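Enquirer: fold the following and give me the result.
(one chain, ligands or ions: 2)
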Amino acid sequence: MYKNDQKYVYIRTFGCQMNEHDSRKIILILKELGFESTDEPENAQLILFNTCTIREKAHHKAISQIGRTTIYKERDPNTIIGVCGCVAQQDKESLFDKYPHLDLVFGPDQINKLPELLDHAQRKKRGLSVELVNTPEEYTFLDQLPEEVAPASSSFVSIMKGCNCACSYCIVPSVRGKEVCRSPEEIVAEIDQLAKLGNREAVLLGQNVNAYHSKRSNSSTKDVTFAKLIRLISDETGIDRIRFTSPHPKDVGEDLILEYGQNEKLCPHIHLPLQSGANETLKRMRRGYTRERYIEIVRGLRKASPDISITTDLIVGFCGESDADFQMTFELMEEVEFDSIFAFKYSPRPGTFAYEQLPDDVEKVVKEERLEKILALQRLISMKKNEALIGKDVEALVYSLDRMNRGLLTGRMPDNRIIHFSGNPDLIGDIVPVRVTAAHKNSLAGEMIG
Ligand code: 5AD
Ligand code: SF4
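Expert: Ligands and ions are numbered 1, 2, ... in the order given. Predicted structure coming up:
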């Protein structure tokens, strides 16, 4: 029910977990300003699009949605319409030229300016805030949760922001700025609070999480690496499960590999973006590792944690990728046998090195063929791996009711697989034993034990 004197915000989120998490922070700020969230834009006084620009398609999707919001302004000229996230950061004030009905444009590093920007907009002035904040002194992580926030089973926790890599295809460094790491004390305190509120799992977030490095304020000589941070979280908080996304292969240290063998709270899963299995392509992508090094990391991880699931991102049809290069990726997939993959056709992004300097010379149909080939291969591998789990007993963290409303619970296994089973909704937030009974392409089915 909508109340007359209540202000509502509608926020639509595109892109990665970082954006999802940012949207949550935005909603918390807006709650302090008296807003409630709504799923119906027609009932909102504030409409926000938190956008993604990783590929042209994502950019286009966001832009076309923004174009359609004129109807809300026509219906009520006092409706405030804003764009934030990575498209806002990339296109900046040009969005106002393109969409004169927009009131707000703010980048991912400017979320804390929202109260000021809204104040401007309410006085019929446009609000623009698109600076990148690249130093720890100036950047505030907005994660610290107020006590009244209802706990979920699993929560995202930012540990760093930005990316200092220079992957030639990637827009992220230019829209998310330089790496800034959050202090270990702040991270540990937040996770401990989350655990006390009933959370079982923390997902550490960052554009390049394993580049994390910091110092503890009470022992300024000791460096806290990413692996050490995981150790601190498991020793000093009551959280049961630790996950993270996304790491970069070039920053996987021996200490992280060892942690997988020693730390029961660190879930046996890593999403380790490979991008290509051909050294020539990796070099042009400026990834900073070779095919051989990637395989060595995989071997190390499997030695430390034999059941670890390894998932990845792949790009097909990058500039200059020959049939032989593509074949190297295909063969590496056969050798490594990823548990699942996300695969994309290369999409040139203005402002990146590849866009400026390397010809996008793989034909669209060839990109499509290559994408289809690796997806088909992965379907076989995923199915084979999922079937091998039938009959196994696993511990599932119950996240929610299943999205298809079949009266089932949805749980996540330590290795990140999704499993559906019947059970009492009161179990949401609990870790329960489940026997795997059937395998599907992207999930498993099971029965609770005992
Ligand atoms: N074209 C296609 N895919 C891309 N990715 C990043 N930039 C591009 C691009 N320009 C993919 C990478 C990355 C994932 C988040 O998106 O695989 O890991
Ligand atoms: Fe999209 Fe990258 Fe921005 Fe995430 S960080 S929203 S994937 S452009």
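Enquirer: what's the burial count for residue 74?
Expert: By the criterion of other CB atoms under 10 Å, residue 74 has 10 neighbours. Using the backbone N, CA and C atoms, a C-beta is placed for each residue, glycine as well.
Enquirer: doesn't it lie inside a strand?
Expert: No: counting by DSSP: H, G, I helix; E, B strand; the rest coil, one finds residue 74 to be helix, located in no strand.
Enquirer: around ligand 2, pick out the residues from the chain.
Expert: Proximity of the chain to ligand 2, by CB under 6 Å from any ligand atom, involves residues 15-16, 18-19, 52-54, 85-86, 171-172, 175-176.
Enquirer: for PyMOL, what selects the buried ones among those?
Expert: To isolate the buried members of the residues of the chain next to ligand 2 in PyMOL, using 16 or more other CB atoms under 10 Å:
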select buried, resi 15+16+18+19+52+53+54+85+86+171+172+175+176
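Enquirer: buried residues, stretch 56-65. List them.
Expert: 58-59, 61-63.
Enquirer: residue 56: what's it in contact with?
Expert: 347-349 (CB atoms under 8 Å, 6 or more residues apart in numbering).
Enquirer: so who does the closest residue to residue 177 other than its chain neighbours touch?
Expert: Nearest residue to residue 177 in three dimensions, chain neighbours excluded: residue 132, at 3.5 Å (CB to CB, 6 or more residues apart in numbering). Each residue near residue 132 by CB under 8 Å, 6+ apart is listed here: 89, 107, 109, 162, 176-178.
Enquirer: so which of those residues sit within helices?
Expert: 89, 176 (DSSP state H).
Enquirer: out of the contacts of residue 132, the closest to residue 234 would be?
Expert: residue 162 (25.5 Å; CB to CB).
Enquirer: what are the phi and psi angles of that closest one?
Expert: With angles defined as degrees, to the nearest 10, residue 162 sits at phi 80, psi 180.
Enquirer: hang on, it packs against residue 211?
Expert: No: with contact defined as CB atoms under 8 Å, residue 162 does not reach residue 211; the gap is 9.5 Å.
Enquirer: looking at those two, which has the bigger crowd around it?
Expert: Each of residue 162 and residue 211 has its neighbours counted (other CB under 10 Å); residue 162 has more, 23 against 20.
Enquirer: between residue 162 and residue 211, what contacts are shared?
Expert: residue 179.
Enquirer: check which element follows the helix or strand of the chain with the lowest mean pLDDT along the chain.
Expert: Every helix and strand in the chain was compared by mean pLDDT, DSSP states H and E; the lowest is strand 219-225, with a mean of 73. Remark: after strand 219-225, the chain's next helix or strand is helix 226-236, criterion DSSP states H and E.
Enquirer: how about the residues of the stretch 201-350 of the chain near ligand 1?
Expert: For the stretch 201-350 of the chain, the contact set with ligand 1 under CB under 6 Å from any ligand atom comprises 273, 275, 313, 315, 344, 346-347, 349.
Enquirer: for those, which one is nearest residue 68?
Expert: Residue 68 lies nearest to residue 347 out of those, by CB to CB, at 22.9 Å.
Enquirer: SS state for that closest one?
Expert: With three-state DSSP as the basis, residue 347 sits in coil.
Enquirer: what about it, how many residues nearby?
Expert: 18.
Enquirer: can you get me a residue count around the closest residue to it other than its chain neighbours?
Expert: Nearest in space to residue 347, with sequence neighbours left out and distances taken as CB to CB, 6+ apart, is residue 55 at 3.9 Å. Neighbour count for residue 55, taken as other CB under 10 Å: 18.
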